[in-house]
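Q: need a 3D model of the following:
(one chain, ligands or ions: 1)
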Amino acid sequence: MLLKTALVQMDIAFGNPEVNYENASANIAEAVSSGADVILLPELWTTGYDFSYMKENPDEEASEAVTFLSEQARKHRVNLVAGSVAKKTDEGFFNTMLVFNRHGAFVREYSKAHLFRLMEEEKHLQEGNEGSLFKLEHGWAAGFICYDIRFPEWIRTHMLHPEHKPSVLYVVAEWPQPRIDQWRSLLIARAIENQCFVAACNRTGSDPNNTYGGHSIVISPLGKVIAEAGEAEDTILYADIETDDVHEIRENIPVLRDRRPELYRNE
Ligand SMILES: NC(=O)CCC(=O)C(=O)O
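A: The predicted model follows:
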């Protein structure tokens, strides 16, 4: 199935959801007018990494974000892999991705499993413990959040599902500029080793602690860069993804079938 994917590479106003909701809404409307089937937003797009703001103004069970996103998806009849938001629960805050289909129905949430110490996530957030497989109209996909891409074993765990092998990995991020070469290399590697499309949406701009590096990117299952945004531009990056390509590529070089799990048990 041919899928027009739109990655909203935007700056995020630090601790200012009002501005961020407005920007997200304008970008979603623009992507829809260009024919997008699936739209991605960046990591923690409502607040940025403003932990004080999150705690003082918690989005309980992410209900504000859920209401907004469900309404946007339904109104525009578009699938949303809606970045992540700070979700307040009885156990604390999670960095949680929210996915909705064209009917505005909630499809899946995924809370970031690997917390990034360099940005003090472990001091303020809880680790997610659930996987992230979900099904949209184009078939199975999986979602990951920023630092998660450094853990190929976590992504491979999703690829090994007996029935639901994702053809697209959606990644949402606030990845700082100084490590942007690593961002690109890690994403290209994840696409090649898992023989799937990778659509990865990063933010631009700065907060008090970091400058972010853009370079949102869409990569084919052969590791070819299909589309890539620049470092500092607020833009919507579009790419046409033919999800049916994955089957032939996996048949040609059957990496998943050729695994030797009996050799890999060293932990
Ligand atoms: N927000 C994040 O998880 C950033 C991860 C990162 O910068 C890295 O180098 O990994």
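Q: low-confidence ranges in the stretch 151-267 of the chain?
A: Residue ranges of the stretch 151-267 of the chain with pLDDT under 70: 267.
Q: residue 231 and residue 113: what is the separation?
A: Residue 231 sits at a distance of 28 Å from residue 113 (criterion: C-beta to C-beta, to the nearest Å). Bear in mind the C-beta positions are built from the backbone N, C-alpha and C, glycine included.
Q: who's more crowded, the two?
A: Neighbours were counted for residue 231 and for residue 113 using other C-beta atoms under 10 Å; residue 113 has more, 18 against 14.
Q: ok, and the closest non-adjacent residue to that one?
A: Leaving out its chain neighbours, the residue that sits closest to residue 113 by C-beta to C-beta, 6 or more residues apart in numbering is residue 128, at 4.9 Å.
Q: what is the neighbour count of that neighbour?
A: Under the neighbour criterion other C-beta under 10 Å, residue 128 is assigned a count of 21.
Q: please confirm that it is located within a helix.
A: No: using DSSP: H, G, I helix; E, B strand; the rest coil, the secondary structure at residue 128 is coil, not a helix.
Q: for it, grab phi and psi.
A: Backbone dihedrals for residue 128, given as degrees, to the nearest 10, come out at phi -80, psi 150.
Q: that one touches residue 97, doesn't it?
A: No: using C-beta atoms under 8 Å, residue 128 makes no contact with residue 97, being 9.2 Å away.
Q: shared neighbours of those two, anything?
A: 110-112 (C-beta atoms under 8 Å, 6 or more residues apart in numbering).
Q: pLDDT score assigned to the residue nearest to residue 113?
A: According to the per-residue confidence, residue 128 scores 98 in pLDDT.
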